[in-house]
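Colleague: pasting the sequence and the predicted coordinates here, then a few questions.
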Amino acid sequence: MYNFMVLKKKVEKELRELSNKNIRVIINPHKKRRGVHSLSFLSFRYIEFDGPIDFDNVELKGAIAHELGHIEERHFLIEFLALIIPDLILLAATVMFLLQLSASINPYYVTATLFAFVIVLDLVVYTSLGRLMERRADLFAVKIVGKKSIIKVLKKVRNWKEVKIDLTHENINSRIKRLENLPSFSSKK
Ligand SMILES: [Zn+2]
């Protein structure tokens, strides 16, 4: 069993070097599914490490830099707004339509159609935005720590058994290839 307090200290030290924001570090060593996540909503921010994380220092730096990309660019907030605003517009349009509805149309059909639209729309927004944000977080990370550590951590994550198909994430090999083809524009290596 790895020492999660050591991991927490390392992450906190790295965060102090890479960002001036106050970001909480959460370590859940007992979770079965390994993963790294982050969330940033207004002034509330955290990075979370689940399960037995087996990153070396280089990989850890890459993972933190990627999550910082999500935090600095407020990806969670953008995604939240992108999901909620079209839904509200659709809902308002439907309510207006229902209010003027003639008796010949069943309001249940209108409501069911609205739900179908909302689900499809949200799914499209969620998956396409998710992929775009992963790409942006990778690029952000490359700018602050260089591409080697990001490629290294992606290769480590690729070997985790728990990594499954996820619609919001592009295939990990494509992400690695894209980074490898990127010119090195970082100040650090
Ligand atoms: Zn990410």
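Modeller: Happy to help now that I have it. Remember, it's a predicted structure, so these values are computed and weren't measured experimentally. Residues are numbered from 1 along each chain as shown.

Colleague: mind showing which ranges of the protein have poor pLDDT?
Modeller: 1-2, 163-167, 184-189 (pLDDT under 70).

Colleague: mind checking the longest helix of it?
Modeller: Longest helix in the chain, counting residues (DSSP state H): helix 107-145.

Colleague: what about Glu17, distance to the ion?
Modeller: With distances defined as Cβ to the ion, to the nearest Å, the gap from Glu17 to the ion amounts to 20 Å. Bear in mind the C-beta positions are built from the backbone N, C-alpha and C, glycine included.

Colleague: ok, now how distant is that residue from Tyr46?
Modeller: Going from Glu17 to Tyr46 by Cβ to Cβ, to the nearest Å gives 18 Å.

Colleague: before we move on, what about Ile84?
Modeller: Distance from Ile84 to Tyr46, by Cβ to Cβ: 22 Å.

Colleague: of these two, which one has the most company?
Modeller: It is Tyr46, of Ile84 and Tyr46, that has more neighbours when counted by other Cβ atoms under 10 Å, with 15 against 11.

Colleague: tell me the secondary structure at the more buried one.
Modeller: Under DSSP: H, G, I helix; E, B strand; the rest coil, the three-state class of Tyr46 is strand.

Colleague: how far away is the closest residue to it other than its chain neighbours from Asp50?
Modeller: In space, Tyr46 comes closest to Arg24 once its chain neighbours are excluded; the distance is 4.0 Å by Cβ to Cβ, 6 or more residues apart in numbering. With distances taken as Cβ to Cβ, Arg24 is found 15 Å from Asp50.

Colleague: who has more neighbours, those two?
Modeller: Just comparing Arg24 and Asp50: by other Cβ under 10 Å the higher neighbour count belongs to Asp50, 18 against 13.

Colleague: count the neighbours of the nearest residue to that one once chain neighbours are set aside for me.
Modeller: With Cβ to Cβ, 6+ apart as the criterion, Asp50 has its nearest non-adjacent residue at 4.0 Å, and that residue is Lys31. Lys31 has 14 neighbours, counted by other Cβ under 10 Å.
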